[in-house]
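Student: My questions are about this predicted structure, shown below with the sequence.
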Amino acid sequence: EAGVAQSPRYKIIEKRQSVAFWCNPISGHATLYWYQQILGQGPKLLIQFQNNGVVDDSQLPKDRFSAERLKGVDSTLKIQPAKLEDSAVYLCASSLGGIQETQYFGPGTRLLVL
Amino acid sequence: GEDVEQSLFLSVREGDSSVINCTYTDSSSTYLYWYKQEPGAGLQLLTYIFSNMDMKQDQRLTVLLNKKDKHLSLRIADTQTGDSAIYFCAEYKDSNYQLIWGAGTKLIIKP
């Protein structure tokens, strides 16, 4: 079974530029999560989708971050404009269905904002 | 408080047992997880324990849960160099349907 796919793996941009990340969850997984992991910290949930609907986006900085999962499968996370403090690893995870289901993670996208 | 707490580092000799500790916040959490993160990689689920269990064993891994003290531990028997990684503890909070993560414990293996 293929795992969670993410691209790109690395991205370097200058502050105030825009960037987008892509995630393809495990086939059949209804729930998709985006996390931000700053160096030396645990993951912080940004947004959670159940199929194509948003379950929780309370920690998403909505003035600059947006995410969508239009067809209930792939998802994109966008940052516009980026700030220096957005430098982090952005992790996508998916789970089978219910909110308590175990989450499986992709390799992450490492973002450096200069 | 709201934090899941772990020691930042643990150093053990190859072949010894490693014990990574975690204290969590919510005595009603139904699931507690251990994830492993190797350099440049995503988070790999190692094991989890349901809150009505005290212990779970899976090959070299043993998870102990003390609900009274809200303490979770992960024991790795016969630690190998391939076990070098950061280990994250996470609790599932029923109140807001989220995983709350510790900051991770970096396991360092000495030859």
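Tutor: Thanks, I have the structure now.
Student: Using CSV, list the CA coordinates for stretch B:102-111.
Tutor: Taking Å, rounded to 0.1, in the frame of the first residue of the first chain, the C-alpha atoms of stretch B:102-111 are listed here in CSV:
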residue,chain,number,x,y,z
GLY,B,102,5.3,16.3,23.1
ALA,B,103,8.4,18.1,21.8
GLY,B,104,10.2,14.8,21.2
THR,B,105,13.0,12.9,22.9
LYS,B,106,16.2,12.5,20.8
LEU,B,107,17.7,9.0,21.4
ILE,B,108,21.4,8.9,21.1
ILE,B,109,23.2,5.6,20.8
LYS,B,110,26.7,5.2,22.1
PRO,B,111,28.9,2.4,20.7
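Student: That one near chain A at all?
Tutor: Yes - counting by C-beta under 8 Å from any C-beta of the partner chain, contacts between stretch B:102-111 and chain A involve B:102-104. In this view, the C-beta of every residue, glycine as well, is placed from N, C-alpha and C.
Student: From B:Y92, how far off is A:P61?
Tutor: 24 Å (C-beta to C-beta, to the nearest Å).
Student: buried sites along the helix or strand hosting B:I49?
Tutor: When elements are assigned from DSSP states H and E, B:I49 belongs to strand B:43-50. Residues B:43, B:46-49 are the ones in strand B:43-50 that count as buried (16 or more other C-beta atoms under 10 Å in any protein chain shown).
Student: what do you get for stretch A:8-21?
Tutor: A:11, A:13, A:19, A:21.
Student: can you redo the residues you listed as CSV with pLDDT?
Tutor: Conversion of the buried residues of stretch A:8-21 to CSV gives the following (pLDDT from 0 to 100):
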residue, pLDDT
A:K11, 97
A:I13, 97
A:V19, 98
A:F21, 97
